[in-house]
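**Student:** pasted the sequence and its predicted model underneath.
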Amino acid sequence: NAGVMQNPRHLVRRRGQEARLRCSPMKGHSHVYWYRQLPEEGLKFMVYLQKENIIDESGMPKERFSAEFPKEGPSILRIQQVVRGDSAAYFCASSPAQDSYEQYFGPGTRLTVT
Amino acid sequence: AQSVAQPEDQVNVAEGNPLTVKCTYSVSGNPYLFWYVQYPNRGLQFLLKYITGDNLVKGSYGFEAEFNKSQTSFHLKKPSALVSDSALYFCAVRDRDYGNNRLAFGKGNQVVVIP
């Protein structure tokens, strides 16, 4: 059973460009979570999605950031007009159901904004 | 609100000695508690969890953790550390409120096991 997959693993963008991060949950998992890890900090929750629904986006910045989890295909975290402060590792996690306890994490996408 | 504190930046321990990584938490209600480990350039791997029941929980790779409600702590322990245990360890908490699936993480502890 393949784990959570994220691509790309490394992404370099110039200021003002768009970044698209993809996450494919584990097989059978319909719940996806995005977290951001800034240098020297722990992971911070961003957004929680089920198929075609955003359940909790309380950790998402108000502007430039959006997320989706369509009926078919991976979950996408989109960052428009990136700035240097967006440089971080972005981790996706998945779980099989809402009342599942542990979340299973992908390897992360390391975004560098130059 | 939910939060985790991991007070030490780095934990150094000699191979074969006991390993302890400290964690305290804060939640409005009752907690679900987790430990994850991160190896360089890898994602987080689940180690163990406390949901309910016995305060001492056992997890992967010989690790265990003890839930202490009065001290709001969930320290991670291993009786005999291995060099391969050198990694970054994260404690996480989730409030038991239904529908709150957010994990709040501590900033992590770097564990260095010295041969």
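**Tutor:** Structure's in. What do you need?
**Student:** tally of neighbours for B:Thr20?
**Tutor:** When counting by other Cβ atoms under 10 Å in any protein chain shown, one arrives at 14 neighbours for B:Thr20. In this view, the C-beta of every residue, glycine as well, is placed from N, C-alpha and C.
**Student:** and the gap between it and B:Phe63?
**Tutor:** 11 Å (Cβ to Cβ, to the nearest Å).
**Student:** common neighbours of the two, please.
**Tutor:** Counting by Cβ atoms under 8 Å, 6 or more residues apart in numbering or on different chains, the contacts common to B:Thr20 and B:Phe63 are B:76-77.
**Student:** poorly predicted segments of chain A, please.
**Tutor:** Under the criterion pLDDT under 70, the flagged ranges of chain A are A:1, A:98-99.
**Student:** chain B contacts on that one?
**Tutor:** Taking Cβ under 8 Å from any Cβ of the partner chain as the criterion, the neighbours of chain B within chain A are A:4, A:6, A:31, A:33, A:35, A:40-45, A:48, A:55-56, A:58-59, A:91, A:93, A:95, A:98-99, A:101-108.
**Student:** in strands, which of these fall?
**Tutor:** Using DSSP state E, the members of the residues of chain A next to chain B that fall in strands are A:6, A:31, A:33, A:35, A:43-45, A:48, A:55-56, A:91, A:93, A:95, A:104-105.
**Student:** got the contact list for the residue nearest the centre of chain A?
**Tutor:** Against the mean C-alpha coordinate of chain A, by Cα atoms, centre = their mean, the closest residue is A:Trp34 at 3.7 Å. Neighbour list for A:Trp34: A:23, A:45-47, A:67, A:75, A:77, A:90-93 [criterion: Cβ under 8 Å, 6+ apart].
**Student:** mind putting these into TSV with distance to B:His75?
**Tutor:** As requested, the contacts of A:Trp34 are exported to TSV (distance: Cβ to Cβ, whole Å):
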residue	distance to B:His75
A:Cys23	32
A:Phe45	23
A:Met46	28
A:Val47	31
A:Ala67	34
A:Ser75	34
A:Leu77	33
A:Tyr90	29
A:Phe91	24
A:Cys92	28
A:Ala93	24
